[in-house]
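Engineer: After the sequence you'll find the predicted model.
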Amino acid sequence: MTALSSETRAIDAAAAEQLHDLLIQGGTLYDGSGGPPYVGDLAISGARIAYVGPPRRLKARRLIDARDKAVSPGFINMMSQAHEALLFDGRAVSDLCQGVTTEVTGEGVSMGPLTDEMARRDEERQGALKYPIVWRTLGEYLENVGSGGISPNIASFVGAATIRDYVLGEGDVQPDAVQLERMRELVRRAMREGALGVSAALIYVPGAYATTEELQTLAGEAARHGGIYIAHMRSEGDQILEALDETIAIARASGAAAEIYHLKLAGKSNWEKLDALIAKVEAARAEGLRITADMYPYTAGATGLNASMPLWVQSGGLESWIERLRDPVVRERVMAEMLNPPAGFESALAQAGPEGTRLLAFKSPGLKAFEGRTLAELAALRGESPEATAISLVIEDGSRVGVAYSVMSEANLRRQIALPWTSFCSDEAAVAADPASLQRWHHPRAFGAFARILGRYVRDEGLIPLEEAIRKLSALPARNLSLKHRGMLKVDYFADVVVFDPKKIQDFATFEHPQQLARGVEYVLVNGGFALDEGMATGKPTGRIIRGPGWKS
């Protein structure tokens, strides 16, 4: 047995004398490192972990008997869409019931910075969730959502598309030197307000109009403040290897670490490219670049019908897009390109097919009856082609229309889960399972992504050991994001802690019945407070704003 250091003995002695707030006793401790678990105790005082290690005679105001349970760091949702839902219901029950303690938001677009015109326009575009946009900067948004009392922690990237929109609008235009410097200044300001880095979503307008050089400039500014570059790459299908080359080039030129959002290979003809993709990432990592990825454990992604229509028709934003679609000549061209995409455009409808395109979210009450049905079914019901139906739905709903596309391979998904540099995400809102909070049909990943990893792929299929899965859910994303004192069970780390039953943890959400909470998580502590207690959400405001390394208070 290794002798304890004098510092460790002093910590143990202090912990033994103190009356702690909580003692989690006799659980199997997974510290987040990926190392072997062991049976021990964990004590919490205030917001921090006061003791973690072998069983000790400790005193606490409350005791949890965790025998036969796993005790782990809280899980970090690397790509959350919780930014709006938390304004309405701060409990984030769908994620809490899976052990998520931190929501990372801001995929390509962020809740700031905003001009007055952007705020007015975005209010007009709101769907079922309607709220006044009273903030203008990303920092002000974070303060606003935090002041409402939230159960999970929240952090955000600043969106490259939001920066571009602020300076250039939503059109297909390029910045001059003065405008590009203004964009850099906005990134600099957002980093000082706590952004984790700069994010890009390069299949959507206006983000798709950014050049590699523009993205390098913005990523470089984020890197100067300790932030990273994270991207929904320009292609996830036919040009995915070229898109990965761009991401690596941006990391190399900017000095920023880079993360790939929701890693996938879309379209059957692209599934065989996974070997080449892995080789490129690992070669870049061997070169010394920090390249990582996140993913969700489903073969269907979810986005909008905009992912099936060419970029040129969407230039200028939602209203301009819809107005163009009303023109019969434009409609004919768009329909043709949706089925037979020209070079440089990848249609999600062409990849998934109408039967693999499921309608998830409408803004109009008159269309909500079609949520959960496939585009093929609705097209047959209307007696028109699937592409014509898609165009009509965008016009009728006045939105991009939320849809799920079945485009990925289960075999690839299993391989990606086992990659040492992938972490996990939901790419969904964090909502509560009650009528007031369920504003739309959801992809089942909203209720099941993390439980599905731990139940199906770890316990049932044994793809990776539980300790490795927990590392990929906690310490790995915390390190990638430079989150201090989070992501591990260590003394003086923030007490984001999950107690779950590894034999029972399971997802139940399906496309037919998506609003089914996961089971098996019994306790979730966020900053030392009970967000989930005996499987029930407490509603307590345990969450905090987590700010990036460039934050200046």
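Structural biologist: Thanks, I have the structure now.

Engineer: got the contact list for the spatially most central residue of the chain?
Structural biologist: In the chain, the centroid-proximal residue (Cα atoms, centre = their mean) is Met79; its distance is 1.0 Å. Met79 sits next to Val104, Glu107, Tyr261, His262, Asp294, Tyr296, Cys425, Ser426, Asp427 when contact means Cβ atoms under 8 Å, 6 or more residues apart in numbering. Backbone N, C-alpha and C define where each C-beta goes, glycine included.

Engineer: measure the last one to Leu58 for me?
Structural biologist: Translated: Asp427. 40 Å (Cβ to Cβ, to the nearest Å).

Engineer: quick one, which of the two is more surrounded?
Structural biologist: In terms of neighbours (other Cβ atoms under 10 Å), Asp427 is the more surrounded of Asp427 and Leu58; the figures are 24 against 20.

Engineer: helix, strand or coil for the residue nearest to that one when sequence neighbours are not counted?
Structural biologist: Using Cβ to Cβ, 6 or more residues apart in numbering and skipping the chain neighbours, the partner closest in space to Asp427 is Met79 (4.9 Å). Here Met79 is recorded as coil under DSSP: H, G, I helix; E, B strand; the rest coil.

Engineer: pLDDT score assigned to Met79?
Structural biologist: What the model reports for Met79 is a pLDDT of 98.

Engineer: do you know how far Pro477 is from Phe424?
Structural biologist: For Pro477, the distance to Phe424 equals 8 Å [Cβ to Cβ].

Engineer: Repeat that for Ala432.
Structural biologist: From Ala432 across to Phe424, the span is 21 Å (Cβ to Cβ).

Engineer: ditto for Gly108
Structural biologist: According to Cβ to Cβ, Gly108 stands 19 Å off from Phe424.

Engineer: So for the two, which residue has more residues nearby?
Structural biologist: Set Gly108 next to Phe424 and count neighbours by other Cβ under 10 Å: Phe424 wins out with 26 against 23.

Engineer: pretty sure the more buried one contacts Tyr298?
Structural biologist: No: the criterion here is Cβ atoms under 8 Å, and Phe424 misses it with Tyr298 at 11.3 Å.

Engineer: intersection of neighbour lists for these two?
Structural biologist: Common neighbours of Phe424 and Tyr298, counting by Cβ under 8 Å, 6+ apart, are Ala449.

Engineer: Just the pLDDT for Arg9.
Structural biologist: 63.

Engineer: Select the helix or strand of the protein having the lowest average pLDDT value.
Structural biologist: Of the helices and strands making up the chain, the lowest-confidence element is helix 6-17, at a mean of 67, by mean pLDDT, DSSP states H and E.

Engineer: Next, the buried residues of stretch 185-199.
Structural biologist: For stretch 185-199, the neighbour count (16 or more other Cβ atoms under 10 Å) marks 186-199 as buried.

Engineer: Now do Thr510: how many residues are near it, please.
Structural biologist: 11.

Engineer: Revised request: answer the last question for Thr212.
Structural biologist: Residues near Thr212, counting by other Cβ under 10 Å: 15.

Engineer: what phi and what psi does the backbone show at it?
Structural biologist: Dihedral pair for Thr212: phi -60, psi -40, per degrees, to the nearest 10.

Engineer: cool, Trp135 as well?
Structural biologist: As for Trp135, its main-chain torsions (degrees, to the nearest 10) stand at phi -100, psi 170.

Engineer: which residue packs closest to it, ignoring adjacent ones?
Structural biologist: Leaving aside its chain neighbours, Trp135 sits nearest to Tyr141 (4.5 Å; criterion: Cβ to Cβ, 6+ apart).

Engineer: now the one you found, what's its secondary structure?
Structural biologist: The three-state label given to Tyr141 by three-state DSSP is helix.
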